[in-house]
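# okay, sequence plus prediction incoming.
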Amino acid sequence: MAQNMLSIPDLSILVGYFCLVSWIGLRVARNQKNADTYFVTKKKIPGWIMGLSLFAATLSSFTFIGFPGWTYRHDMQIIVREYMAIVGMAVATIFVIPIYRSVVKMSVHEYLEHRYGYFARAYTSVGIVLITPVGIGVLLYVLCLALHGLTGISLPLLILAIGIVTVVYTVRGGIEGCIYTEAINGAMFIGAGLLTLGYLLFFATDGGPREILQVASAGQKFKIAEPDFDLTRPTLWLFIWVGFFHFLNNYTGAPHVVQRYLVAPTYASAVRGSWLNIGCCLVTWFTFMSIGTLLWAFYQIHPERLAGIKEIDSIFPFFMGSELPMGLAGLILAGLLASGIAGISSGINSTSACIQSDFYDRWAKASSPQRRLRFSKRCVFLLGAIGIGVALLLTLWEGGIVQFSADIIMATLGPVFGSGHLTVFFLGIFTRRTSKRGMYVGLVTAALFAVWAVFTNPLGPVGRYTSPHLDFLPGFHLHPWFLFGLANLTAFVSAYVASLILDPGKLAPKELTIYGRAKSPLTTPDGSQVLKP
């Protein structure tokens, strides 16, 4: 049974910080007059605040706990995947952000209706709505797992308490509450990581940096590239593939990311904020992966201090509670808390904006501003409640949380429900020849491919149980993390070819693609109305 490993000062810092960010979230509630300001704040957030918010929303407690646990178990090869974010952000800032800021008012999926029609908008939005609560549950579970190990408080009780408080201030504060608390959380997050890394290097062992680095190096914990071309194992090529498609998808079509592109006052400030986010991410990813590597070396030097640890995902919280000096543990734990609630509130708010814009506003056009705002808050509450439920179910999961997220979200739910998510945006923005009918053919083809691959791959979390019963079908035998990218490539090729066959010579309006970026935007000069192409 977990015991309280924190001192009174540490707990005071933790509780005080939680109260501070909750107060800030509630403080801005008075600014929410309608659903539009609730989700996009009239484009008045400074670029650097927007960048810190995007940074905090992108990383969350998964990075804080999951990455140290991963590198403790394995090595640092996964950093290759994360650094592919540079490619995704370059594409977004050069090509994507200008189009979205002209076409989109609230939900990124509005662009798809302009480009292909309502079905494409609804299809991609439904995928996001189905997947996001699982991600929210993962973040909440990881956060509370760490706090449980340090405080001894019941894990389900922590999930309920932190989940409910975070949902309440997200309901009250809207996107503005999320962004300002996330900016503070982002700064706290990166500071906590650097403090921990410094302590491990200079104070954790008698031999200082040289000793702990030599032990980690001898254990090959700094390995970042395994060029073996085995496509059934996590190697350099898999991490490059996964990172490329993940971040291209994330920075061109993820609702919580595009939502932040829209809140900045100008295109230039949105770009500056986006690259500030990338800089913070690169430093933080390296920091927390290094923490896991150095923790492995520390416990090789002091194996007797590892007694009592049961879950590798709890290795970093265990170190915080048992080794860090009084006060420092509280500050770093506050960083963990910051990371968790930032990701949770961001996911809830952005997905609720999709529900509001993609479904409710379309079918309830006569609703008053007050009714739309009430519906918005109910969506936030409902998604938060589902996320809390997922976190409670995860208390029964026995595997590593990074592995769970990769297997369930990236290798199962993502390909099945989002098999063409990247493709619809990418083909829409970069080609004029992709038609509505062609895209629908691509989406159906990719979905069928994803279902086949998930159920026939003996290496995947579903296929290991179902593939023996489907041995009459040819099987998918690559590492399951390849699937999301392959599903989108399937959608890409089939949609483009089908467009050329079904609608030869038909071209989309230039203003909806990169070929019309210099043309007049699709909004009125004051940005108050999106015009139909």
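Cool, the structure landed. Residues are numbered from 1 along each chain as shown.

# secondary structure element for the closest residue to residue 384 other than its chain neighbours?
What sits nearest to residue 384 in space, not counting adjacent residues and going by CB to CB, 6 or more residues apart in numbering, is residue 167, at 3.3 Å. No exception for glycine: its C-beta is placed from N, CA and C like everyone else's. For residue 167, the element it lies in under DSSP states H and E is helix 155-202.

# next one: residue 333
With elements taken from DSSP H and E, the one containing residue 333 is helix 328-355.

# just the angle between that helix and helix 155-202, please?
Orientation check (axes from the mean of the first three to the mean of the last three CA atoms, to 10 degrees): helix 328-355 against helix 155-202 gives 120 degrees.

# which is the next helix or strand following helix 328-355?
helix 361-363.

# just how off-centre is that following helix within its chain?
27 Å (CA atoms, centre = their mean, to the nearest Å).

# show me what whichever helix or strand comes after it is packed against.
As assigned by DSSP H and E, the chain's next helix or strand after helix 361-363 is helix 369-394. Packing partners of helix 369-394 (3 or more CB pairs under 8 Å, 6 or more residues apart in numbering; DSSP states H and E): helix 35-40, helix 118-151, helix 155-202, helix 328-355.

# what angle do helix 369-394 and helix 118-151 make?
If you take the same axes, to 10 degrees, helix 369-394 sits at 50 degrees to helix 118-151.

# same question for helix 369-394: list its buried residues.
372-373, 375-377, 379-381, 383-384, 386-388, 390-392, 394 (16 or more other CB atoms under 10 Å).

# residue ranges in the stretch 351-500 of the chain under the pLDDT threshold?
Counting by pLDDT under 70, the stretch 351-500 of the chain shows low-confidence ranges at 366-367, 397-418.

# could you pull out the helices for it?
361-363, 369-394, 401-404, 414-418, 421-430, 436-456, 463-466, 483-502 (DSSP state H, counting those that start in this stretch).

# also the stretch 1-150 of the chain?
According to DSSP H, counting those that start in this stretch, the helices that the stretch 1-150 of the chain contains are 8-27, 35-40, 47-61, 67-73, 78-83, 85-91, 97-103, 110-116, 118-151.

# most packed of the ones you listed?
Among these, judged by mean count of other CB atoms under 10 Å, the one packed with the most neighbours on average is helix 47-61 (a mean of 26).

# now for it, which elements pack on it?
helix 118-151, helix 155-202, helix 255-263, helix 267-301, helix 328-355.

# which one of these lies nearest to residue 67?
For residue 67, the closest of those is helix 267-301, at 4.3 Å, according to CB to CB.

# quick one: buried residues of the closest one?
Those would be 267, 269-274, 276-278, 280-281, 284-299, for helix 267-301 by 16+ other CB under 10 Å.

# what helices or strands is the helix or strand containing residue 214 leaning on?
According to DSSP H and E, residue 214 maps onto helix 208-218. Judged by 3+ CB pairs under 8 Å, 6+ apart, the packing partners of helix 208-218 are helix 155-202, helix 267-301.

# quick check: what element follows it along the chain?
helix 236-253.

# so for the helix holding residue 214, mean pLDDT?
For helix 208-218, the mean pLDDT works out to 94.

# contacting residues around that helix?
With contacts defined as CB atoms under 8 Å, 6 or more residues apart in numbering, helix 208-218 is touched by 200-202, 204-205, 222, 293-294, 296-298, 300-301.

# run the last query once more with 6 Å
Applying CB atoms under 6 Å, 6 or more residues apart in numbering, the external contacts of helix 208-218 come out as 201, 205, 293, 294, 297, 300.

# and the residues you listed, which is the shakiest by pLDDT?
residue 205 (90).

# now that one: how far from residue 427?
53 Å (CB to CB, to the nearest Å).

# more neighbours: these two, which one.
Between residue 205 and residue 427, counted using other CB atoms under 10 Å, the more crowded position is residue 427 (26 against 18).

# doesn't residue 434 make contact with the more buried one?
Yes: using CB atoms under 6 Å, residue 427 makes contact with residue 434 at a distance of 4.3 Å.

# find the residues that touch each one of those two.
residue 495.

# phi, psi of residue 225?
Phi and psi for residue 225, reported as degrees, to the nearest 10, are phi -150, psi 120.

# domain-wise, how is the protein divided?
8-398, 407-533 (automatic domain parsing).

# and residue 505, which of the three is it?
For residue 505, the assignment made with DSSP: H, G, I helix; E, B strand; the rest coil gives coil.

# pLDDT score for it?
For residue 505, the predicted pLDDT is 86.
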